[in-house]
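**Q** mind looking at a prediction? Sequence and model below.
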Amino acid sequence: MAGKPKRMSQVKQILQQHNQGHGNKTIARNLNISKNTVKRYLEKYRSSKIRLSTLLKMEDHVLEKVFHPGNPAYKDKRFEELKENLDYYVKELGKTGVTKQLLWEEYRLSNPTGYSLSQFSYHLSQHRLTKNPSMVLRHEPGDKLFVDFAGKKLSYVDPTTGEIIECQVFVACLPYSDYAFCMAVPSQRVDDFIHALTCCLESLGGAPRALVPDNLKSAVIKANNYEPTINRALEDFANHYHMAVVPTRARKPKDKALVENQVKLIYNRVYARMRNQQFFSLSQLNRAIREHTLKHNQTRMQNRDYCREEHFLSNEKHLLQELPKEAFEIKYYKEYKLAHNNHIYLGQDKHYYSAPYQLIGQKLKVIYTRSMVRIFHRHNLVAVHKREYGIGKYTTAE
C-alpha cells in the first residue's frame, strides 16, 4: 500500500535494522510502519545498486533523491475507511461460524472498490496481533540500551542567589548485564536528552545495536521554533552511532519493566544516600551521582556471585560497537528562499549565508549543526559554510 513518503532518517533506520539481520516484519513492528512499506524501501535500496554503507553516510536530502526521485505523496482512503471498523471485525471473528471470508464479503458489499481478500486478511491479522501481543523478553549481550527519565528530580543550590535549581535525572541500563548509568541534566529538552545519551555511550565505551527509549515525546519541552523534534534528533543520533531505535510500546508496562526497576534501585542507592547532602553546581551533583552509581554497579546482585560491573566488563563491553571518531552534533532542518542578494537568512543566529546566485528566488533546504551549515537545492548540495554567530553579518563563499 502506497502512502506518505517516510523521512530519510526513518529510511536509514530501516536500512540499519535490515543490516543487523532483522526481518521485514520485525522492522515494521519496531518502526510502527507497514511490512509492505519496509519491503518497498528495501527493494528500492537493492535496485539502486549503491552500497549500504554509502547510503547511510548520505545527507538526508541527497538520500531522498535515491528513494523518492519523483517525491510522490498521497494517502490511500481505503485503509482509513477499513481502520474504523477493524475492532468490529475482530469482535465478530470471535462468534461461531464467522470467518474472514464472510467478513470480507460483507465489507465489499459496502465498499465495492475496497481491498482484496488477501489485503483485508492481512490488515485484520496485523490488527489482531497488536491487540493481543505476547512475547518473552530475552536479552543478548550488547544488543539493547534502555533509557528513561526518573519521575523524581534532584536539585542543587545556586550559590549566588540561593535559588534551588531542580534537575531531571536520566537513567539508562543494559538489560543483559543490568549495568546502569545515571546523570542529572537541566531539562528533558532535546539537546539535554541527546547530551545525556552521548555521555552514556562514552561512559560505556561503546554503542549497543539498538536504543530503547520510553515514549518521551510528550515529556520533551519544546523551547523554540528552531529545535528539532525528538523523533528526528533521536533518529539522527542513532544513525550516527549505527544503532536502531526500538521504542517501547505504549501501554505495555512489561516492555519497560527493567528500566523502571532500575529507576527504583537508583532511588534507593543514589537518591536516598544523597538526601542529606547539599550541592552548589550541576557538575558537583553529577560527581556525587557517579560515585553512588558506581557503588550500585559494584554491589553483589541477589542470587548471583557477581556484581553488575563484573558481568558487564566480562561478558558485554567487548561486544559493544566501537564509537565513531567524530562527535555527534544535532542537526537542525529549515527551508528558506534565496534572497536577491544571493544569501539566505538563518533566523536562529540572525546571520546570512550565501548560495549560488542562479538559485535566487528558489526555496533551499538548510541543514545546520553547531559547527556547519549545508544548503541543498532539489537534493543537491550547493553550498557549505562554517557556522558563524555574528548578528546581522554575512558569510559569503568565494
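**A** Right, received. Where do you want to start?

**Q** elements contacting the helix or strand containing Q101?
**A** According to DSSP states H and E, Q101 maps onto helix 100-110. Applying 3 or more Cβ pairs under 8 Å, 6 or more residues apart in numbering; DSSP states H and E, we find helix 100-110 packed against helix 86-93, helix 117-131. The C-beta positions use only the backbone N, C-alpha and C, and glycine is treated the same way.

**Q** for the protein, which segments count as helices?
**A** Shown for the chain, the helices assigned by DSSP state H span residues 8-19, 24-31, 35-48, 52-57, 60-67, 77-83, 86-93, 100-110, 117-131, 190-204, 230-240, 257-266, 282-297, 308-315.

**Q** using PDB, write out every CA atom in stretch 140-151.
**A** What follows is stretch 140-151, C-alpha atoms only, in PDB (Å, rounded to 0.1, in the frame of the first residue of the first chain):
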ATOM      1  CA  GLU A 140      21.600 -10.700  24.300                       C
ATOM      2  CA  PRO A 141      24.800  -9.000  25.300                       C
ATOM      3  CA  GLY A 142      25.500  -5.700  23.600                       C
ATOM      4  CA  ASP A 143      22.100  -5.700  22.000                       C
ATOM      5  CA  LYS A 144      20.000  -3.000  23.600                       C
ATOM      6  CA  LEU A 145      20.200   0.000  25.900                       C
ATOM      7  CA  PHE A 146      17.000   1.100  27.700                       C
ATOM      8  CA  VAL A 147      16.700   4.800  28.500                       C
ATOM      9  CA  ASP A 148      14.300   6.900  30.500                       C
ATOM     10  CA  PHE A 149      13.900   9.800  32.800                       C
ATOM     11  CA  ALA A 150      13.300   9.200  36.500                       C
ATOM     12  CA  GLY A 151      10.000  10.600  37.800                       C
END
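
**Q** pLDDT on that stretch, on average?
**A** Mean pLDDT, stretch 140-151: 91.

**Q** cool, and stretch 18-25?
**A** In this model, stretch 18-25 carries a mean pLDDT of 90.

**Q** what residues of it count as buried?
**A** The neighbour-count check on stretch 18-25 (16 or more other Cβ atoms under 10 Å) flags 18, 22, 24 as buried.

**Q** out of the residues you listed, which is nearest to D60?
**A** Nearest to D60 among the buried residues of stretch 18-25: H18, at 17.8 Å, using Cβ to Cβ.

**Q** skip the chain neighbours and tell me the closest residue to the closest one.
**A** Spatial nearest neighbour of H18, excluding adjacent residues (Cβ to Cβ, 6 or more residues apart in numbering): L42 at 6.0 Å.

**Q** tell me who's in contact with the one you found.
**A** Shown in contact with L42 (Cβ atoms under 8 Å, 6 or more residues apart in numbering): 14-15, 18, 24.

**Q** so how far is M274 from the nearest residue to R7 once chain neighbours are set aside?
**A** Counting by Cβ to Cβ, 6+ apart, R7 lies nearest to R232, which is 6.9 Å off, once chain neighbours are set aside. Taking Cβ to Cβ, to the nearest Å as the measure, R232 falls 35 Å from M274.

**Q** who's in contact with the spatially most central residue of the chain?
**A** The centroid of the chain falls nearest to L234 when counting by Cα atoms, centre = their mean (3.5 Å). With contact set as Cβ under 8 Å, 6+ apart, L234 has these partners: 194, 211, 213, 245.
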